[in-house]
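Q: Any chance you can model this:
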Amino acid sequence: MAQYIGAVDSGTTSSRFIIFDQHGRIVGMDQKEHRQIYPKPGWVEHDPMEIWANTQEVIRGALAKSGIQGSELAAIGITNQRETTVVWDKTTGKPFHNAIVWQCTRTHELCKQLAAEGGQDRFRARTGLPIATYFSGPKIRWILDNEPKARSAAEKGDILFGTIETWLIWWLTGGPKGGAHVTDVTNASRTMLMDLKSLQWDDEILGIMGIPRHGLPRIVPSSDAQTWGPTSENGPLGARIPVCGAVGDQQAALVGQTCFAPGEAKNTYGTGCFLLMHTGHEPIQSRHGLITTLAYQFSGRKPSYCLEGSIAIAGALVQWLRDNLRMFDSAPQVEKLAREVEDTGGMYIVPAFSGLFAPYWRPDARGVMVGLTRYINRNHIARAVLEATAYQTKDIVEAMNKDSGVPLKTLKVDGGMVVNELLMQFQSDILDVPVVRPKVAETTCLGAAYAAGIACGFWSGREELYNNWEQDKAWTPNMADAKRRTMYTGWKKAVERTLNWEE
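A: Okay, here's the model as predicted:
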């Protein structure tokens, strides 16, 4: 009998494969970074073939390190950076262009044209999304407009579109030799092309965007009892294993944190920062700058929805200090530097490197450091970098409380930055709510494993998943109200200084 579940995590900076046991504990893991390609300021790309090669490598690596055979896995789940877009030839599997990454701003002019008639919220009632460079639909259109071979293949019916989980599922299940071309509801809800209620591609929006429907994948549940196909015996697993779970990375963390009840929320601190609150079986339209999106859908059940606040730059700001400013050698050192000072000396950093995402949606914004004096040193800068992530999270929580009508009581946290205890304490202080970290911090991969495991019967249902969740540590607020208000007022002033920079 199969004893394990495998999960691919195809993230913004790396690919991982994690093997979990029945209790949701990690028994094997491997990881490999991929290149970040910056052809122009504001443009971000990945090589899809490199991501597929790395995915195969980490699957083999995790199996080898753990001594587990591919045949011992019950199923495979996939989680992925969501809006990053690939367009490829279905007969050869060759991409027509590098993947355009979710952070990329190259579709700004196209988005302005789309918003010229009907405004930024032109499609929001149907898709839950504002018109923004963040989402996949305009990225597909950009490739069709700028790659003649892609346009020609589209006219012949030889083109396939997809986000990263679609790309990997297609290859894992056979690629050009009959690979499944599917996308789950969570990833489809990030394209700006899917109707939130019908869970189908919207023909009117496809027509406006000029995207042919025949290139789009079939929309499926996140956890699908109708497996999309087995892996190949010649593939990295060396066995025929069902691929039947896929969840966009932030929704996967919601599942991994077992936020299955309306009002429950989690925040993932990674390259960006993403706060999701479960809102039930009906979509709630945001009036305060958030995204309405799919939380997940289990096979045979109604879909669940959530409100999301998306922050483009969180851990990436720490990487910027390390790689661009050479302030330290490894990311964990930022906490040691920040602890050398009591506060930021009155300075703020707003990392609007590619504009501001929720709740502002201002592509014209650019990053600023404000409040600088001769007193400021690198310790203050390090502390301001950490505080910037917490302030951006507070912006989201303020909007979420207004939209949902349910004040946040506790924030479950996960992602690479949650090992930073200074950040977690400041997050609790500035939000004035407890912050809770689970024992298994790899909740994104765990959510993808849960989706596949529920689909194939490895786990019986949600009760078993609830029982797997354990608290590792909690932080409680320890800041005076007056100080909290003063500091947050300063942050809002700093945000104002970022606006209207780009014409």
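
Q: And the strands in the stretch 51-200 of the chain, which stretches?
A: Ranges of strands within the stretch 51-200 of the chain are 73-80, 85-89, 99-100, 159-163, 182-184, based on DSSP state E, counting those that start in this stretch.

Q: Could you check how far residue 183 is from residue 50?
A: Residue 183 sits 21 Å away from residue 50, going by C-beta to C-beta, to the nearest Å. Where you see a C-beta, it was placed from the backbone N, CA and C, and this is true even at glycine.

Q: Contacts only, for residue 166.
A: 86, 160, 181-183, 187, 217 (C-beta atoms under 8 Å, 6 or more residues apart in numbering).

Q: can you do 7 Å?
A: Residues counted as contacts of residue 166 (C-beta atoms under 7 Å, 6 or more residues apart in numbering) are 181-183, 217.

Q: go on, residue 175?
A: So residue 175 contacts residue 93 (C-beta under 7 Å, 6+ apart).

Q: tell me the contacts of residue 216?
A: Counting by C-beta under 7 Å, 6+ apart, residue 216 has contacts 161, 201.

Q: quick one: it and residue 182, what's the gap?
A: For residue 216, the distance to residue 182 - C-beta to C-beta - is 10 Å.

Q: can you give me the strands for the stretch 401-503 of the chain?
A: Using DSSP E, counting those that start in this stretch, strands in the stretch 401-503 of the chain cover 411-414, 435-438, 471-475.

Q: any idea whether the residue lying closest to residue 34 once chain neighbours are set aside is helix, strand or coil?
A: Residue nearest to residue 34 in three dimensions, not counting chain neighbours: residue 50, with 5.1 Å by C-beta to C-beta, 6 or more residues apart in numbering. When the structure is split into helix, strand and coil by DSSP: H, G, I helix; E, B strand; the rest coil, residue 50 lands in helix.

Q: about what we covered before: who wins on neighbours among the contacts of residue 166?
A: Within the contacts of residue 166, residue 183 tops the neighbour count with 26 neighbours, counted by other C-beta atoms under 10 Å.

Q: Tell me which residue of this protein is furthest from the middle?
A: residue 374 (38.3 Å; C-alpha atoms, centre = their mean).

Q: a helix runs through that one, doesn't it?
A: No. Counting by three-state DSSP, residue 374 falls outside a helix, being coil.

Q: before we move on, which element is residue 219 in?
A: Applying DSSP states H and E as the criterion places residue 219 in strand 218-220.

Q: list the buried ones in that strand?
A: Buried positions in strand 218-220, judged by neighbour count with 16 or more other C-beta atoms under 10 Å: 219-220.

Q: Helix or strand next in line after that strand, which one?
A: strand 243-248.

Q: Could you pull up the contacting residues of residue 201?
A: Counting by C-beta under 7 Å, 6+ apart, residue 201 has contacts 193-194, 213, 216.

Q: Need the winner for burial among the strands of the stretch 51-200 of the chain.
A: strand 73-80 (a mean of 30; mean count of other C-beta atoms under 10 Å).

Q: Check which helices and strands that one is in contact with.
A: Strand 73-80 sits against strand 4-10, helix 164-172, strand 243-248, helix 249-256, helix 443-456, with contacts defined as 3 or more C-beta pairs under 7 Å, 6 or more residues apart in numbering; DSSP states H and E.

Q: Pipe these into a markdown table and attach mean pLDDT and distance to residue 75 per row.
A: Output for those, formatted as a markdown table (pLDDT from 0 to 100; distance: least, C-beta to C-beta, whole Å):
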| stretch | mean pLDDT | distance to residue 75 |
| --- | --- | --- |
| strand 4-10 | 96 | 6 |
| helix 164-172 | 97 | 12 |
| strand 243-248 | 96 | 5 |
| helix 249-256 | 94 | 15 |
| helix 443-456 | 94 | 4 |
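
Q: Take those and write them to TSV, including distance to residue 263.
A: Formatted as TSV, the helices and strands packed on strand 73-80 follow (distance: least, C-beta to C-beta, whole Å):
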stretch	distance to residue 263
strand 4-10	27
helix 164-172	28
strand 243-248	20
helix 249-256	12
helix 443-456	18
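
Q: For residue 495, find the nearest of the ones you listed.
A: In terms of C-beta to C-beta, the element of these nearest to residue 495 is helix 249-256, at 22.6 Å.

Q: So which elements touch that closest one?
A: By 3+ C-beta pairs under 7 Å, 6+ apart, helix 249-256 packs against strand 73-80, strand 265-269, strand 273-280, strand 291-296, helix 443-456.

Q: List just the one of these that sits closest to residue 327.
A: strand 265-269 (19.4 Å).

Q: pLDDT score assigned to residue 294?
A: We have a pLDDT of 96 for residue 294.

Q: Would you mind confirming that it makes contact with residue 191?
A: No. Using C-beta atoms under 7 Å, residue 294 is not in contact with residue 191, being 11.4 Å away.

Q: Any buried residues in the longest helix belonging to the chain, and which?
A: Determined from DSSP state H, the single longest helix within the chain is helix 378-404. In terms of neighbour count (16+ other C-beta under 10 Å), helix 378-404 has its buried residues at 379-400, 403-404.

Q: What is the least confident helix or strand in the chain?
A: Scoring the helices and strands of the chain by mean pLDDT, DSSP states H and E places helix 462-468 at the bottom, with a mean of 87.

Q: ok, the residue nearest to residue 34 - how many residues close by?
A: The number of residues near residue 50, taken as other C-beta under 10 Å, comes to 16.

Q: For the longest helix of the chain, name the packing helices and strands.
A: Looks like helix 378-404 contacts strand 273-280, strand 304-311, helix 315-323, helix 333-338, strand 348-350, helix 421-431, helix 481-498 (3+ C-beta pairs under 7 Å, 6+ apart).

Q: swap the cut-off to 6 Å and go again
A: Under the contact definition 3 or more C-beta pairs under 6 Å, 6 or more residues apart in numbering; DSSP states H and E, helix 378-404 sits against strand 273-280, strand 304-311, helix 333-338, strand 348-350, helix 421-431.

Q: ok, the shortest one: who's next to it in the sheet?
A: Based on DSSP bridges, the pairing partners of strand 348-350 within the sheet are strand 368-370 (antiparallel).

Q: pLDDT on the strand it pairs with, on average?
A: 97.

Q: go on, stretch 216-231?
A: 94.

Q: now the end-to-end length of it.
A: Stretch 216-231 has an end-to-end distance of 22 Å (C-alpha to C-alpha, to the nearest Å).

Q: for stretch 120-140, same thing?
A: 19 Å.

Q: let's have the chain start at 450 instead
A: From this message on, residue numbering opens at 450, which makes the last subject stretch 569-589.

Q: Setting the sequence-adjacent residues aside, check what's closest to residue 473.
A: Nearest non-adjacent residue to residue 473 (C-beta to C-beta, 6+ apart): residue 917, at 3.7 Å.

Q: swap in residue 575?
A: In space, residue 575 is closest to residue 644, 5.1 Å off (C-beta to C-beta, 6+ apart).

Q: What separation do you get for that neighbour and residue 930?
A: Counting by C-beta to C-beta, the gap from residue 644 to residue 930 is 44 Å.
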